[in-house]
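Peer 1: 3D model of this:
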Amino acid sequence: MPDDLALQPAEALVRKNAASQPNESAQYREAREALLVEEIQLRRHIERVAAQRRALPPGGEVKGDYQFMGEGGSVAGANPVGLAELFGDKDTLVVYNWMYSPKRVRPCPMCTAFLSSLDGNADHIRQRVALAIVGLSPIERQIAFKVERGWKNLPLYADVNGRFSQDYRAIMEDGTDTAATNVFTRRDGTIRHFWGEEMGFDTADPGQDPRGAPDLMVLWNILDLTPGGRGTDWYPSITY
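Peer 2: Residues are numbered from 1 along each chain as shown. Okay, the predicted model is just below:
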């Protein structure tokens with residue numbers, strides 16, 4: 001959003017709102033328009049945060065010995081690749097570490113729910129940036145679950161030596177794998193970290209699960225539109 005673009009007060013925009021719902025009461029309309037003011041302000045805040053994120057100075061240069069086995073690595077004799085190869089022909093790379101280490105009998109249900117929604121958008125995302133889904137399990141194990149879920153568009157990689165996951169906050173202090181989202185850029189042959197999710201248990205508000213903002217999961221955003229919201233005792237499952 002351009003800095004010199006004058007924004008009308010949210011209340012002024014709401015006064016232009018001609019929407020109404022069938023058989024609504026005056027009380028409902030008054031409350032709905034008060035909510036609409038907040039929704040407009042939220043939209044604007046999301047835009048400000050996104051602009052601030054885009055304006056970050058150059059992040060740390062990537063120097064680690066990171067090795068990834070892609071889905072072609074399930075063929076005997078294939079060799080690991082470095083982070084640079086994950087960019088393909090793009091200058092930006094989004095990496096999501098999912099919780100599927102060799103110690104886990106099954107992947108994290110929350111990661112599974114997120115990746116299921118991401119699979120449907122992966123082709124669109126990859127028109128602008130590269131995408132990589134990284135796990136600690138051997139690539140063959142990850143592929144088997146991908147087939148089970150019917151995922152078609154997610155590029156899976158195994159973190160061969162675990163160093164990437166360790167450096168970029170996908171392994172907790174007790175050695176347990178955790179989910180992590182990181183963005184990298186490649187400019188003039190130099191790869192740098194651009195942004196990484198840093199909200200977690202230490203930054204969670206009382207009564208809420210730790211999560212980032214904006215929330216990347218379609219599941220929770222849809223439930224936030226409903227009277228019951230996200231609930232307090234329900235989580236997604238791998239199967240129902």
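
Peer 1: mind checking how far the residue most central in space within the chain is from residue 21?
Peer 2: Nearest to the mean C-alpha position of the chain, counting by C-alpha atoms, centre = their mean, stands residue 216 at 4.6 Å. Distance of residue 216 to residue 21, computed by C-beta to C-beta, to the nearest Å: 30 Å. Just so you know, the C-beta spots here come from the backbone N, C-alpha and C atoms, and that holds for glycine as well.

Peer 1: Would you map the helices across the chain?
Peer 2: For the chain, the helices defined by DSSP state H cover 10-15, 26-54, 109-125, 139-149, 163-167, 218-223.

Peer 1: Of those helices, flag the one that's most buried.
Peer 2: helix 163-167 (a mean of 18; mean count of other C-beta atoms under 10 Å).

Peer 1: Measure how far stretch 167-184 is from the centre of its chain, please.
Peer 2: Put simply, stretch 167-184 sits 13 Å off its chain's centre (C-alpha atoms, centre = their mean, to the nearest Å).

Peer 1: er, stretch 94-101 actually
Peer 2: Centroid separation for stretch 94-101 versus its chain: 10 Å, with C-alpha atoms, centre = their mean.

Peer 1: quick one: contacts for residue 111?
Peer 2: 98, 99, 100, 179 (C-beta atoms under 8 Å, 6 or more residues apart in numbering).

Peer 1: which non-adjacent residue is nearest it?
Peer 2: The shortest distance from residue 111 to any non-neighbouring residue, by C-beta to C-beta, 6 or more residues apart in numbering, is to residue 98 (4.1 Å).

Peer 1: you'd agree the one you found is up against residue 133?
Peer 2: Yes: Residue 98 is within contact range of residue 133, at 6.1 Å (criterion: C-beta atoms under 8 Å).

Peer 1: and for these two, which residues touch both?
Peer 2: residue 115.

Peer 1: For this structure, give me the ranges with low pLDDT.
Peer 2: For the chain, the stretches flagged by pLDDT under 70 are 1-4, 75-77.

Peer 1: if we can go back for a sec, and the contacts of residue 111, which is closest to residue 225?
Peer 2: residue 179 (23.8 Å; C-beta to C-beta).

Peer 1: can you pull the contacts of the closest one?
Peer 2: By C-beta under 8 Å, 6+ apart, the contact list for residue 179 reads 96, 97, 98, 99, 108, 110, 111, 114, 170.

Peer 1: what's the closest of the helices of the chain to residue 72?
Peer 2: Nearest to residue 72 among the helices of the chain is helix 139-149 (8.9 Å), distances taken as C-beta to C-beta.

Peer 1: which helices and strands sit right next to that closest one?
Peer 2: Helix 139-149 is packed against helix 109-125, strand 156-159, with contacts defined by 3 or more C-beta pairs under 8 Å, 6 or more residues apart in numbering; DSSP states H and E.
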